[in-house]
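Asks: heads up, no residue letters with this:
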C-alpha cells in the first residue's frame, strides 16, 4: 500500500501547478540540507553535522523520487561551486575528498527512507526509527568504503568515519521517529 508523503499532505497539488510545486519542493529540500550542513562540529577527516538528519527527513517528507531529486540537486549545487557542503565548502575537490562516499550515500539513503515513508513507516515511532537507522546505515556503506582511500585501512575508517557519529545518528533517528508520527497525528493521517 502506498501512502502520501508528508510534503503532499502539507502542500496539496492543484491543477496546473504540479511541476512548479515539485521543483519548489526539490529546491527547498536541497536548501534545508545545505543549511543543516553548516551546523557542524569541525572534525577531521569527516565533520559532524546535522546534515544526516536533514537528508533522511527530506527523503521521508518528499518521498523517494523527490527526495532523491533534492539530493541530486544538492550535489549539483556543490559541484557548481555553491558553498552548500559542511563548513561552507564546495566544488569537485571536496565532493571527491574523504566525505565523497557519504554524499553518495545521502542520495541512496534519501531514496530508501522516502520509499519506506511512502509505505507508512513515518506514521509510527518504531517503524520510523527503523527507517532512519536503515537510512543512516546506507550512508555509512559508501561513506566508509570511500574513506578507506584516505585513512589507510578499515580500522581507521571505522575510528574516524563511524565511531564518532553512530551515537549522534541514533539520537537523530529518535528525533525523527518522534517528530514525523506526531506531525501526522496533528494533521490527521491520510493514505
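Replies: Thanks, I have it. Only a predicted model underlies this, so the values are computations on that prediction, with no experimental measurement involved. Numbering: from 1, shown residues only.
Asks: confidence score at residue 9?
Replies: With respect to pLDDT, residue 9 scores 88.
Asks: that one reaches residue 180, doesn't it?
Replies: No - contact criterion CB atoms under 8 Å: residue 9 and residue 180 do not qualify, at 11.3 Å. Glycine gets a C-beta too; all of them are placed from N, C-alpha and C.
Asks: out of those two, which sits in the more crowded spot?
Replies: Neighbour count, other CB atoms under 10 Å: between residue 9 and residue 180, residue 180 has more, with 24 against 16.
Asks: contacts only, for the more buried one.
Replies: Neighbouring residues of residue 180 by CB atoms under 8 Å, 6 or more residues apart in numbering: 6, 57, 60, 117, 122-123, 128.
Asks: kindly report the same for residue 121.
Replies: 60, 113, 127-128, 130-131.
Asks: export those residues as CSV, with columns for distance to residue 48.
Replies: Compiled in CSV, the contacts of residue 121 are given as follows (distance: CB to CB, whole Å):
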residue, distance to residue 48
60, 21
113, 20
127, 27
128, 22
130, 23
131, 22
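Asks: of these, closest to residue 42?
Replies: Checking the contacts of residue 121 against residue 42 with CB to CB, the nearest one is residue 113 at 26.7 Å.
Asks: the helix or strand harbouring the closest one - contacts with which helices or strands?
Replies: Assigned by DSSP states H and E, residue 113 belongs to helix 100-117. Helices and strands touching helix 100-117, as assessed by 3 or more CB pairs under 8 Å, 6 or more residues apart in numbering; DSSP states H and E, comprise helix 51-62, helix 64-79, helix 125-151.
Asks: distance from that helix to the middle of the chain?
Replies: Computed by CA atoms, centre = their mean, to the nearest Å, the chain-centroid distance of helix 100-117 equals 6 Å.
Asks: the inter-axis angle of that helix versus helix 125-151?
Replies: 160 degrees (axes from the mean of the first three to the mean of the last three CA atoms, to 10 degrees).
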